[in-house]
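Below are the sequence and a predicted model for it; my questions follow.
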Amino acid sequence: MLVLGLDTSCDETAAAVLEDGVKILSNIVASQLEHAEFGGVVPEFASRAHMRTIVPIVKEALGRAGTCIHGVDGVAVTNRPGLVGCLLVGVSFAKAFAYSLDVPVVGVDHIEGHVFAAKLADPDMALPAICLVVSGGHTELIRVEEWGNYRTLGRTRDDAAGEAFDKVGKLLGLSYPAGPEIERLAEGGDPTAHDFPRAMMERGNLDFSFSGLKTAVRYRLDDLGHVPEGDELRDFLASFQEAIVDALVTKTMWAADEHGVSTVALGGGVAANGVLRARFEEEAARLGFATVVPPKNLCTDNGAVIAAVGDFLLSNGTRDGLDLSVSASREQARAWRS
Ligand code: KG4
Ligand code: ZN
């Protein structure tokens, strides 16, 4: 079965073709550059860019997969959570595509997509597992009971981890998204140079909070009285990055320990961060947990992980109708139980 996976939830137009739920035939992502100078995504610009890009991106994905519209057996599209105007572009396209070609369409939860990066990376991954999903909009510790059956054990109470990177980048005059640039500028820096706070670190508390860290960074910049550069900036950013990585890794390991789960996995854009990936592997190895750390291009937003969820849902007989709608939030996430 060939599934076309689409994601237009934020500032990336993504399309992929996946064969039988495991083989990625193509995975095309067009990142929008129009937001860089604004320090965050401008929703109106994002929707318009998806409108311009979606047809060429789908054509490219089909072409690179060596197929055409008639080879597609089903369409999977992110329909929640995300920017409503952006989601509508992908969902409207997917419904028109499915209707005209008489193939099924299924709506996918973007966060479940990030979880499925681990399944694509290791189809035989042992379950139950703890998956840390860290993106620009979400920071969640998820217990994956089995594919399609999840429980959120902890989440951020304020900013998402990626949001913290992006906001601190903005304070320092870096362009959006700042995560990759902060990682690059922090390389070789001393992560102990500044003791930035880690919030809610009582054992057993699996929630996160990053807004205090952002405020601490702002005050530290005020104290310095200038924007650091060179080695000073490297140490500053390495310390900031360390505070985030420390909280994320520590709590993932606590979750695995408390839940008697022996596998830990990563997903979401921040999981492309090399320091997080290395620390995650190191700590898991030290504590005896198996890890699944997907390739970076499956961590950041992409269509392949959406197609993977789609393949799973379609194979189980799940179908959506042409009344499939979009939602900014995840309130009705069908696969989650509390
Ligand atoms: O999952 P994603 O691609 O989109 C959302 O669903 O939000 O995540 C984007 C987020 C942005 O906040 C970006 O700054 C962050 O992931 N990010 C990183 C890195 N690459 C992307 N943060 C830290 N280090 C990176 N290398
Ligand atoms: Zn995402």
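Arrived safely. Ligands and ions are numbered 1, 2, ... in the order given.

Specify the local secondary structure of Asp301.
For Asp301, the secondary structure call by DSSP: H, G, I helix; E, B strand; the rest coil comes out as coil.

Look up the closest residue to it, ignoring the ones flanking it.
For Asp301, ignoring the flanking residues on the chain, the nearest one in space by Cβ to Cβ, 6 or more residues apart in numbering is Glu12 at 4.5 Å. The way it works is simple: take the backbone N, C-alpha and C, and place the C-beta from them, glycine included.

where does the stretch 201-338 of the chain dip in pLDDT?
For the stretch 201-338 of the chain, applying pLDDT under 70 flags the ranges 332, 338.

that older thread, residue contacts, the residue nearest to Asp301?
For Glu12, the contact set (Cβ atoms under 8 Å, 6 or more residues apart in numbering) comprises 29-32, 300-302.

can you check Ser325 too?
Counting by Cβ under 8 Å, 6+ apart, Ser325 touches 79, 91.

which stretch of helix or strand covers it?
Using DSSP states H and E, Ser325 sits in no helix or strand.

Give me the distance between it and ligand 2.
The gap separating Ser325 from ligand 2 is 20 Å, by Cβ to the ion, to the nearest Å.

Kindly provide the distance from the nearest residue to Ala256 once chain neighbours are set aside to Leu248.
When the adjacent residues along the chain are set aside, Ala256 lies closest to Ile130, with 4.8 Å between them (Cβ to Cβ, 6+ apart). If you measure Ile130 against Leu248 using Cβ to Cβ, to the nearest Å, the figure is 12 Å.

And the residue in the stretch 51-200 of the chain that ligand 2 sits nearest to, what's its pLDDT?
Sorted by distance to ligand 2 under Cβ to the ion, the residues of the stretch 51-200 of the chain start with Ser135, at 4.0 Å. Looking at Ser135, its pLDDT stands at 97.

returning to what we had before: filtering the contacts of Glu12 by proximity to ligand 1, which remain?
Applying Cβ under 6 Å from any ligand atom to those, one finds that 300-301 fall near ligand 1.

Of all pairs in the contacts of Glu12, which one spans the longest distance?
Maximum pairwise distance among the contacts of Glu12 (Cβ to Cβ): 14.5 Å, between Gln32 and Asn302.

List the buried residues of the helix ranked longest in the chain.
Using DSSP state H, we find that the single longest helix of the chain is helix 230-258. Under the neighbour-count criterion of 16 or more other Cβ atoms under 10 Å, helix 230-258 has 233-249, 251-256 buried.

how far out from the middle of the chain is that helix?
The chain centroid and the centroid of helix 230-258 are separated by 18 Å under Cα atoms, centre = their mean, to the nearest Å.

next one: stretch 142-151
What separates the centre of stretch 142-151 from the centre of its chain is 17 Å, taken as Cα atoms, centre = their mean.

What's the mean pLDDT across that stretch?
97.

Export only the CA atoms of that stretch, formatted as PDB.
Extracted as PDB, the C-alpha positions of stretch 142-151 are listed here (Å, rounded to 0.1, in the frame of the first residue of the first chain):
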ATOM      1  CA  ILE A 142       4.200   9.900  26.400                       C
ATOM      2  CA  ARG A 143       3.800   6.300  27.400                       C
ATOM      3  CA  VAL A 144       3.300   4.300  24.200                       C
ATOM      4  CA  GLU A 145       1.300   1.300  25.400                       C
ATOM      5  CA  GLU A 146       1.000   0.000  21.900                       C
ATOM      6  CA  TRP A 147       0.800   1.800  18.500                       C
ATOM      7  CA  GLY A 148      -2.400   3.800  18.600                       C
ATOM      8  CA  ASN A 149      -2.700   3.700  22.400                       C
ATOM      9  CA  TYR A 150      -1.000   6.500  24.400                       C
ATOM     10  CA  ARG A 151      -1.000   8.200  27.700                       C
END
